[in-house]
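**Q** coords please:
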Amino acid sequence: MHLKFLTLMCSVAGALAANGVFNQPKGKSFVTIEYQVGYPINTTTPAGVVATVPVLSGDIKGRFNGHIVENITSSVEAYLDTCTGSFTSFESRYLFENDAGEHIVAKVVGTTSYSKQDLHGLGYATFSTDIKDLKWINTAMFVAEWQGRYGGRGAEIEIFELTTGGRVDGEPIYAAQPSKI
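**A** I've put the predicted structure just below:
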């Protein structure tokens with residue numbers, strides 16, 4: 001009798017655990033950037049070929065408006081050995097300037113996949129600034145999605161702010177950052 005009850009309770013606990021602890025995070029667009037890149041420069045390193053791609057210009061729209069500061073930003077990509085397609089690791093540091101002339105440093109890290117027509121990537125983003133109304137972005141969580149089209153047709157990146165969706169059981173999360181969404 002006890003064994004059957006224990007088996008039933010384990011099954012119920014397993015079914016409840018399948019729902020997870022947290023609701024899905026909430027996301028909202030933070031900024032979108034349309035930009036132009038230059039030709040990549042390939043460099044052979046001990047770890048393999050690394051491509052450095054200069055970012056020539058870019059317009060930023062969203063929670064703040066501005067542009068990418070030219071001749072400072074680039075991305076670095078390295079081939080990832082997979083059997084499922086063409087992928088690179090992606091790391092880019094951007095210097096943004098808002099319409100008030102204030103600066104924001106951004107970093108995007110992720111993975112890019114390639115086809116004959118375009119490229120697409122997903123990753124996370126971090127920001128650093130001392131702008132009064134934007135200091136909260138220094139500790140907020142962001143994810144990024146980007147797409148580039150070959151032949152000088154430009155690229156876009158959209159950065160989304162993520163916040164907690166709360167616990168499934170409704171219990172409070174006292175340490176969760178207040179949402180700006």
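**Q** after the lengthiest strand in the chain comes which helix or strand?
**A** Ordering each strand of the chain by length in residues (DSSP state E) puts strand 48-62 first. Using DSSP states H and E, the next helix or strand after strand 48-62 towards the C-terminus is strand 66-68.
**Q** what does that following strand contact?
**A** By C-beta atoms under 8 Å, 6 or more residues apart in numbering, the surrounding residues in contact with strand 66-68 are 33, 35, 55, 57-60, 94-99, 104. Every residue, glycine included, has its C-beta placed from N, CA and C.
**Q** give the buried residues for the longest strand of the chain.
**A** 50-51, 53-55, 58, 60 (16 or more other C-beta atoms under 10 Å).
**Q** which elements pack onto that strand?
**A** strand 26-37, strand 41-45, strand 66-68, strand 74-80, strand 86-98 (3 or more C-beta pairs under 8 Å, 6 or more residues apart in numbering; DSSP states H and E).
**Q** chain center to it: distance?
**A** 15 Å (C-alpha atoms, centre = their mean, to the nearest Å).
**Q** state the mean pLDDT of that strand.
**A** Strand 48-62 comes out with an average pLDDT of 92.
**Q** by how many degrees do it and strand 74-80 diverge?
**A** Taking axes from the mean of the first three to the mean of the last three C-alpha atoms, to 10 degrees, strand 48-62 and strand 74-80 form an angle of 130 degrees between their directions.
**Q** coming back round to it: reformat the helices and strands packed on strand 48-62 as a markdown table; add distance to Lys135 and mean neighbour count.
**A** Shown next, in a markdown table, are the helices and strands packed on strand 48-62 (distance: least, C-beta to C-beta, whole Å; neighbours: other C-beta atoms under 10 Å):
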| stretch | distance to Lys135 | mean neighbour count |
| --- | --- | --- |
| strand 26-37 | 15 | 17 |
| strand 41-45 | 36 | 10 |
| strand 66-68 | 17 | 20 |
| strand 74-80 | 26 | 18 |
| strand 86-98 | 14 | 18 |
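**Q** out of those, which gets nearest to Phe160?
**A** strand 26-37 (4.6 Å; C-beta to C-beta).
**Q** by contact count, what packs against the closest one?
**A** strand 48-62, strand 141-149, strand 155-163.
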